[in-house]
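Asks: sequence and predicted structure are below.
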Amino acid sequence: MNDTIHEYYLEAGQIAGKVRNKTLSRIKEGVPLLEIAEYVEKRIKDLGACPAFPCNISINEIASHYTPQDYMPCFRKGDVVKLDLGAHIEGYIADTSVTIEVGTNNHGLLISACEDALDNAIGSTRDMVETNHIGKIIEDTIKEHGFNPIKDLTGHSLEQYLLHAGITIPNYKSFFSHTIKKDMVFAIEPFATYGRGFIKKGKPYIFAINNRSYGNSAGEIKQRFGSLPFTPRWVPDIALKELKGAREYYELIETDGEIVAQSEHTVIVNEDGCEVITGLGK
């Protein structure tokens, strides 16, 4: 990885971490989810990056991929909120998430299970390590806390303008594995739940243009976002009903209806370990 690309990643990571941290104090009972999503996306732009995907605000049994479209849903006391956001500089992406409760402290152990699993996974990530080894560490950590990992969701490699670049880091000891190499970039994201740890699909609120996309609006959307995800509220001037064949990011919901927690950082792999680029975000 050359110095310029490394700096792009570092800058994107610092911005993502800073916005993540600054947003947490704004998540309160009665606040519309859309207000938080719009704050995140605007703040990323104000700091000199672009959102890598619509801000995800997934609550309770929804593990991921929910982004609000209007001001109707508001945070409620007791909600377990996954705030998942990404920033990119010239297509080099930093992806990070954190889980908090709204006005209560009933699920601290579940949240800690994810945070500890993330810390342990990061500590084991280095050149030539197998992805299923990291997955086993995540699974063991979560189970030691008395919970189950979400097996249907994974961490993922990142490349320029590619949010999911082909290599996954499972949240359990998978039979399938890839060898991690120096200079690879990964978003590592453990999910933990009280349930069995499987996922069903809800509605799609996020989309992306791919090679199968067509229709009058496909070209304009691709010009704006490339292959990166977008949401209908980002393109109110475009008739999405004309868009065909786009990738749909469905809400991902724990099948037992049990609460899910998530923690995530983006790392750059090196010979002796990895560099966390979404860490403090001061």
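Replies: Received it, and whenever you're ready, just let me know what you need.
Asks: find the helix or strand that the closest residue to Phe147 other than its chain neighbours is a member of.
Replies: Closest residue to Phe147 apart from its sequence neighbours, by Cβ to Cβ, 6 or more residues apart in numbering: Ala192 at 4.5 Å. Placement of C-beta: from N, CA and C, glycine included. Ala192 is part of strand 191-193 when elements are defined by DSSP states H and E.
Asks: quick one, what contacts Arg126?
Replies: 180, 269-274 (Cβ atoms under 8 Å, 6 or more residues apart in numbering).
Asks: ok, Val260 next?
Replies: Val260 touches 58, 60-63, 80, 82, 150, 191-193, 195, 254, counting by Cβ under 8 Å, 6+ apart.
Asks: phi and psi next, for it.
Replies: phi -120, psi 140 (degrees, to the nearest 10).
Asks: could you measure it against Ser124, distance?
Replies: With distances taken as Cβ to Cβ, to the nearest Å, Val260 is found 23 Å from Ser124.
Asks: so, low pLDDT: which residues of the stretch 151-282 of the chain?
Replies: Within the stretch 151-282 of the chain, the stretches with pLDDT under 70 are 281-282.
Asks: where does the stretch 1-150 of the chain have low pLDDT?
Replies: For the stretch 1-150 of the chain, applying pLDDT under 70 flags no range at all.
Asks: could you pull out the strands for it?
Replies: Under the criterion DSSP state E, counting those that start in this stretch, strands of the stretch 1-150 of the chain are mapped to 50-51, 56-59, 62-64, 80-89, 92-101, 148-149.
Asks: chain center to the fourth one, what's the gap?
Replies: Taking Cα atoms, centre = their mean, to the nearest Å, the mean C-alpha location of strand 80-89 is offset from the chain mean by 6 Å.
Asks: with the third one instead?
Replies: Its chain's C-alpha centre and that of strand 62-64 lie 10 Å apart, by Cα atoms, centre = their mean.
Asks: what lines up beside it in the sheet?
Replies: According to DSSP bridges, strand 62-64 has the following sheet partners: strand 247-254 (antiparallel).
Asks: and if you look at the fourth one?
Replies: The sheet places strand 80-89 alongside strand 50-51 (antiparallel), strand 56-59 (antiparallel), strand 92-101 (antiparallel), with pairing taken from DSSP bridges.
Asks: dump the ones you listed to TSV, plus distance to Trp234 and mean neighbour count.
Replies: Below are the strands paired with strand 80-89 laid out as TSV (distance: least, Cβ to Cβ, whole Å; neighbours: other Cβ atoms under 10 Å):
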stretch	distance to Trp234	mean neighbour count
strand 50-51	9	22
strand 56-59	14	23
strand 92-101	17	25
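Asks: closest one to Glu139 among the ones you listed?
Replies: strand 92-101 (18.1 Å; Cβ to Cβ).
Asks: ok so, going back, the strands of the stretch 1-150 of the chain: which one's closest to Asn216?
Replies: Set against Asn216 and scored by Cβ to Cβ, those come closest in strand 50-51, at 24.6 Å.
Asks: which strand residues bridge the residue nearest the centre of the chain?
Replies: Geometric centre of the chain, nearest residue: Asp84, 4.7 Å, by Cα atoms, centre = their mean. Beta-bridge pairing of Asp84 under DSSP bridges involves Asn56, Ser97.
Asks: who's in contact with it?
Replies: By Cβ under 8 Å, 6+ apart, the residues touching Asp84 are 55-58, 64, 95-97, 262, 264.
Asks: filter the contacts of Arg126 down to the buried ones.
Replies: 180, 269, 274 (16 or more other Cβ atoms under 10 Å).
Asks: relative to its centroid, which residue of the protein is most remote?
Replies: Distance to the chain centre peaks in the chain at Asn216, reaching 29.8 Å (criterion: Cα atoms, centre = their mean).
Asks: so it sits in a strand?
Replies: No: counting by DSSP: H, G, I helix; E, B strand; the rest coil, Asn216 is not part of a strand but coil.
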